[in-house]
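Asker: missing the sequence, but the structure's below:
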């Protein structure tokens, strides 16, 4: 009888331990919160670091640009969707830094979001983020050959904008339900790109992604494009759970194109 009780207790303890491990793996890693203030303007942003930073080692950087619904100053709500991609498991497998700036209300990452052509002068939020970006490269052990950018909706437009603005900085780009200016294709055709869109998106028509992909293909590039049948605007839920996405992205580097 005592043996059975001990065995039951052991099994219960094991179950709780394993449940705790699974919960820890699914719990989103914590972002540290910062504010960049210059000339009276403030840009909140979060930074996620590898679980362990080894001395002398450099790590990839992932830039995440959120959508219009997450604008504000709370430095919190803009993190919820990047945490679909960066679970604790993912961070363990792909140690990296992640930066997620928060665009102020009423502002945009790119004039492309407003249906205007690519503008060589960045919007004010993008200008502030670029200042943050330069600061991060100085403060953190970031590998400049492995910098990636992804964004959704308004951030998808921002992703297309950012790689056109600095076409030699990014090892890969993952724009989701966004759109770009086809005139920028000659600048970005060498960048590995995997775009995503919902086929029934009523907010950002999928033709905006399609035309960028077609223009890239006509320029001799081989971009990836996944369009989800039956999915409306929130295609990032599917995109950020694509089993091959993380490996594909982290395989890319400026010194070793794949």
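Answerer: Looks like it came in fine. Not measured: the values here are computed from a predicted model.

Asker: let me see the domain layout of this protein.
Answerer: Listed by automatic domain parsing, the domain ranges of the chain are 1-30, 31-251.

Asker: now those in JSON lines, with mean neighbour count?
Answerer: C-beta coordinates here come from the backbone N, C-alpha and C atoms, glycine included. Converted to JSON lines, these look like this (neighbours: other CB atoms under 10 Å):
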{"stretch": "domain 1-30", "mean neighbour count": "10"}
{"stretch": "domain 31-251", "mean neighbour count": "19"}
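
Asker: worst average pLDDT in the ones you listed?
Answerer: Mean pLDDT per stretch puts domain 1-30 lowest among the domains of the chain, at a mean of 47.

Asker: how about the helices in the protein?
Answerer: Taking DSSP state H as the criterion, the chain carries its helices at 2-26, 82-85, 88-93, 124-139, 154-165, 185-188, 207-218, 236-239, 245-251.

Asker: among those, which is nearest residue 36?
Answerer: Of all the helices of the chain, it is helix 124-139 that lies closest to residue 36, at 4.9 Å by CB to CB.

Asker: OK, contacts around the residue nearest to residue 238 when sequence neighbours are not counted?
Answerer: Distance criterion CB to CB, 6 or more residues apart in numbering; nearest residue to residue 238, sequence neighbours excluded, is residue 228 at 5.3 Å. Contacts for residue 228 (CB atoms under 8 Å, 6 or more residues apart in numbering) come out as 196, 197, 198, 199, 235, 238.

Asker: in its sheet, what does the strand ranked longest in the chain sit against?
Answerer: Longest strand of the chain, by residue count under DSSP state E: strand 142-152. Strand 142-152 has its sheet partners listed here by DSSP bridges as strand 59-65 (parallel), strand 172-176 (parallel).

Asker: and it, how far out from the chain middle?
Answerer: 8 Å (CA atoms, centre = their mean, to the nearest Å).

Asker: so what touches that strand?
Answerer: 58-67, 81, 85, 97, 109, 136-137, 157-159, 162-163, 169-178, 235-236, 239, 249-250, 252-255.

Asker: do the same with stretch 250-258
Answerer: Counting by CB under 8 Å, 6+ apart, 60, 94, 96, 143-146, 148, 168, 171-172, 190, 192 sit against stretch 250-258.

Asker: buried stuff in it?
Answerer: 250, 252, 253, 254 (16 or more other CB atoms under 10 Å).

Asker: now do it: distance to the chain's middle.
Answerer: That offset, for stretch 250-258, works out to 17 Å (CA atoms, centre = their mean).

Asker: would CSV of the contacts of stretch 250-258 with distance to residue 214 be doable?
Answerer: Shown next, in CSV, are the contacts of stretch 250-258 (distance: CB to CB, whole Å):
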residue, distance to residue 214
60, 30
94, 31
96, 31
143, 32
144, 31
145, 29
146, 28
148, 23
168, 24
171, 23
172, 20
190, 17
192, 17
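
Asker: just to revisit the earlier point, adding distance to residue 204, write the strands paired with strand 142-152 out as CSV.
Answerer: Below are the strands paired with strand 142-152 laid out as CSV (distance: least, CB to CB, whole Å):
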stretch, distance to residue 204
strand 59-65, 14
strand 172-176, 9
